[in-house]
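# this one's sequence-less:
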């Protein structure tokens, strides 16, 4: 499965992590491998939404917002 870095939502903001939110169940294992501090509840809330992942990374890892976004971008480039 090719992972798309982001897909524009209806507001035009790039927010989704996978090619479709329906593939989140498959994709979230990769997220869990990268960020092991994320709980099952975190992953359920994230549900493929980049903004939620960024927020959870800020909470669990103490990242600043820009640091969380950079980590997500770097990681997405490695899984594409």
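Sure, I can see it. What you see is a predicted model; the values in this text were computed from it and never measured.
# Just the strands from the chain, written as ranges.
7-8, 14-16 (DSSP state E).
# per-residue confidence at the nearest residue in space to residue 43 that is not next to it in sequence?
Setting aside the residues directly before and after it, residue 43 is nearest to residue 28 in space (Cβ to Cβ, 6 or more residues apart in numbering), at 4.9 Å. (Glycine included, C-beta is placed from N, CA and C.) We note a pLDDT of 86 for residue 28 in this prediction.
# and residue 28, how many residues sit next to it?
21 (other Cβ atoms under 10 Å).
# wouldn't it be in contact with residue 40 here?
No: using Cβ atoms under 8 Å as the test, residue 28 is too far from residue 40 to be in contact (9.3 Å).
# any shared contact partners between those two?
Common neighbours of residue 28 and residue 40 are not found (criterion: Cβ atoms under 8 Å, 6 or more residues apart in numbering).
# quick one: buried residues of stretch 33-42?
35, 38, 42 (16 or more other Cβ atoms under 10 Å).
# if I pick the residue nearest to the last one when sequence neighbours are not counted, what's in contact with it?
The shortest distance from residue 42 to any residue other than its chain neighbours is 4.8 Å, reached at residue 56 (Cβ to Cβ, 6+ apart). With contact taken as Cβ under 8 Å, 6+ apart, residue 56 is in contact with 38, 42, 45, 46.
# any idea how far residue 56 is from residue 41?
Remark: distance between residue 56 and residue 41 (Cβ to Cβ, to the nearest Å) = 10 Å.
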